[in-house]
Every structure is written in C-alpha cells, then in structure tokens.
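A.B. asks: here is a sequence together with a model predicted from it:
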Amino acid sequence: MDMFDNVDRTNIEELGEFGLIKHLTKNIQLNHPSTIKGVGDDAAVLNYDGKKVLVSTDMLLEGIHFDLAYTPLKHLGYKSIQVNLSDICAMNATPTQVTVSIGMSSKYTLEAIEELYEGIYLACEKYNVDIIGGDTSSSKQGLVISITVLGVANEEDIVYRNGAEEGDLLCVSGDLGGAYMGLQLLEREKLIYLENPKIQPDLEGKDYIIERQLKPEARQDIIALLRDIKVKPTAMIDVSDGLASEVLHICKQSNKGCQLYEEKIPIDPMTYQTARDFNLDPTVCALSGGEDYELLFTIKQADYDKIKNDVDVSIIGYITEAAAGCNLISKAGAVHELKAQGWNAFGNVKNG
C-alpha cells in the first residue's frame, strides 16, 4: 500500500525501541486515581481501594483478524481497544487501564505506527481509559497487536456467564449482523479492485455497516443504563463470535436451555437488504457473523417493566430448563436446534 512507500516516511530503526516508545507515549496523561504509576518504569502501579479488578486480553494479527487493504490504521487502533473494553463491559464492570503491545514488520514506518496509535489514543480518551504500559517488537509475520485491559467493579455488581435462571428473559443491545455484512462488502470491493485497480470502491450509502466492521463501539452506555434503572443482569456476554455462539455459552455455563425467537432478533434494514443483495439469509448473518460487540444478557422477569421501553434493548427469548434444549423458533413457528457456526480462530474462516 502506498502508505508505506512514501520517501518522506521515517524508518523505525532510526529511533530504536526505546526512542519509539518515548515518542509514542510522551503525551500520555493519566486520569484515574487508581493509576499510581503508568508508563516509564519496570511495572505499572495500581491501587483500587477494595474494588475487584478484572483483566482481559486480545490479540489481533494481520491477515487473520484484519486486512490492511481496506482497514485504515487509525480505525484498526481504535477497534483494537474497543474489542477489549467490550470484554470488561460484559462483566458489568468499568474499564480503567490498558497495556498496548505491538509487533511490526520492516514495511511499517514511524508515520504508519503513529496513525495506528492515533486511533488507540482516541478510543482511550473517549472511554476514559489510561494507557499504563506495553511492549514493541519487530515481527516477521506483519502487524501484531496485543491489548490487555483492566477494569474495576464492586464484587456484588460483577455479572458472569453462568448465572442465568429458568424463566429469565434473553436480551440483546443494538442490532446484529451489521459488522459481518460490512466485512462481506469490503471483501467484495477488494476483489474487484484487485482485478481492476481503476475501479473505485462502491460503498455509497453503506456507511453504517462499514462502520460496524471497521469502528465498533463497546457498549459501556448499556452498562450505565442498567445501573441507572437498577437492573443487574443474571448472566452476560459480549457478542463477538455471533449471537448463536454467545447464547450457547450462557446456556452451557448456566446449565440451562433457551427459546430464541427469530422474529425478535434485531437486524438493521441496511444489514437486512445487503444480506439479501449477497443472497445471504439475514438471520444467519446475525446468528453467526460476529464482531457486533453488542451485549447479550439475561434478566429476571420482574425487571421486564424497567427495560421494556428502552429502544436499544431487544427481548429475544427466554431461558428454559436444560432438558428442553437450546432452540431457535423460526418466523413460521418451526423449532430448530440452535447451532453456532461463528468465528473459528484457528480455521481463519467466517461461516455465514
């Protein structure tokens, strides 16, 4: 890509590892009282005053999790933070700090890495998260991004995957399948471009699903909403691998079954129409596509009145006893066993 070919670019070898770290971290400002010491020593120092600390980590690899043919580096930096913050939100907790580790091949100039970090810093600023450390290294496999996120919560507020009870309502935030359809669109335009570089990408009117793929947002607002209306979910997970996979995770770990209604699954009209244009079933895209980073959670039936009028939360089914199985009820009323066909981290395939 021409972002790496410009003669005015700075070779990272000119700075060296310590010079690069100093260059990238010189403007970091710490905002959380719990961050005693951030970047610049052998280890960060944190103090949480009796709170419970949550930790999660994710790794993104070039050619596996992202394609730089259509992923701007700034968007990639932003997304790499968001997918980690989402894991903390899925525990009903508040993300507070991250560490950022980068492996890069020699094709990456200083300016390219600065662009990546611009997105990282933008996400951290927007979600009030401190960067407290990390690592940099050369890589022979292209770009590798590894983020570790720390969060904080009162012990009584933490929500796990295994707390769903029979009769609980199954809820999901936002809408589903958009990120997967954005990916299909970008992949199609990439192939057309490779066949004829003179043809410009045709993405007009598809901003929403493109953004769902390239610039997802962790649903910290849903966590705030639940806190405001005094609803504590009984189980929760983020939708990273497709709705079906996440529902099955909750059911398996809670030792329960479920009834999931196809007609209740929230799908944006643009997602629906784009799926049809690709001869795909929109429901399958929502069930198996992944990368929506919405929150799937269960609540007690007694909390129904508190949440029923929120336009950004859909009630899509309910929890049953384990013996009843995990079922998808089609729009026609047919009962199908719910199966997961989502992201396979070791097969590098998306099934849709």
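C.D. replies: Structure received.
A.B. asks: residue contacts, the residue most central in space within the chain?
C.D. replies: What sits nearest the mean C-alpha location of the chain, by CA atoms, centre = their mean, is V83, with 3.2 Å. Contacts for V83 (CB atoms under 8 Å, 6 or more residues apart in numbering) come out as 58, 60, 147, 216, 218, 240, 293. Where C-beta positions appear, they are placed from N, C-alpha and C, glycine not excepted.
A.B. asks: what's the local residue count around the fourth one?
C.D. replies: Meaning P216. Neighbour count for P216, taken as other CB atoms under 10 Å: 23.
A.B. asks: and it, which of the three is it?
C.D. replies: At P216 the chain is in coil, as set by DSSP: H, G, I helix; E, B strand; the rest coil.
A.B. asks: please name the nearest non-neighbouring residue to it.
C.D. replies: Excluding the flanking residues, the one nearest P216 by CB to CB, 6 or more residues apart in numbering is Y293, at 4.5 Å.
A.B. asks: from T274, how far off is that neighbour?
C.D. replies: 19 Å (CB to CB, to the nearest Å).
A.B. asks: can you give me phi and psi for the residue lying closest to E155 once chain neighbours are set aside?
C.D. replies: Leaving aside its chain neighbours, E155 sits nearest to K52 (5.0 Å; criterion: CB to CB, 6+ apart). Torsion angles at K52 (phi, psi; degrees, to the nearest 10) stand at phi -90, psi 140.
A.B. asks: which stretches in the stretch 251-352 of the chain count as strands?
C.D. replies: Taking DSSP state E, counting those that start in this stretch, the strands of the stretch 251-352 of the chain run over residues 256-261, 294-299, 313-321, 326-329, 335-337.
A.B. asks: listing partners with orientation, what would you give for the shortest one?
C.D. replies: The one in question is strand 335-337. Using DSSP bridges, the strands paired with strand 335-337 are strand 326-329 (antiparallel).
A.B. asks: list the contacts of the strand it pairs with.
C.D. replies: Outside of strand 326-329, the residues within contact range by CB under 8 Å, 6+ apart are 244, 247-248, 251, 257-262, 287, 317, 335-338.
A.B. asks: show me what the mean pLDDT comes to for that strand.
C.D. replies: Averaging pLDDT along strand 326-329 yields 97.
A.B. asks: output that strand as PDB, nothing but the C-alphas.
C.D. replies: Taking Å, rounded to 0.1, in the frame of the first residue of the first chain, the C-alpha atoms of strand 326-329 are listed here in PDB:
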ATOM      1  CA  CYS A 326     -31.400 -24.600  23.000                       C
ATOM      2  CA  ASN A 327     -33.900 -23.800  20.300                       C
ATOM      3  CA  LEU A 328     -34.500 -21.200  17.600                       C
ATOM      4  CA  ILE A 329     -38.100 -20.600  16.800                       C
END
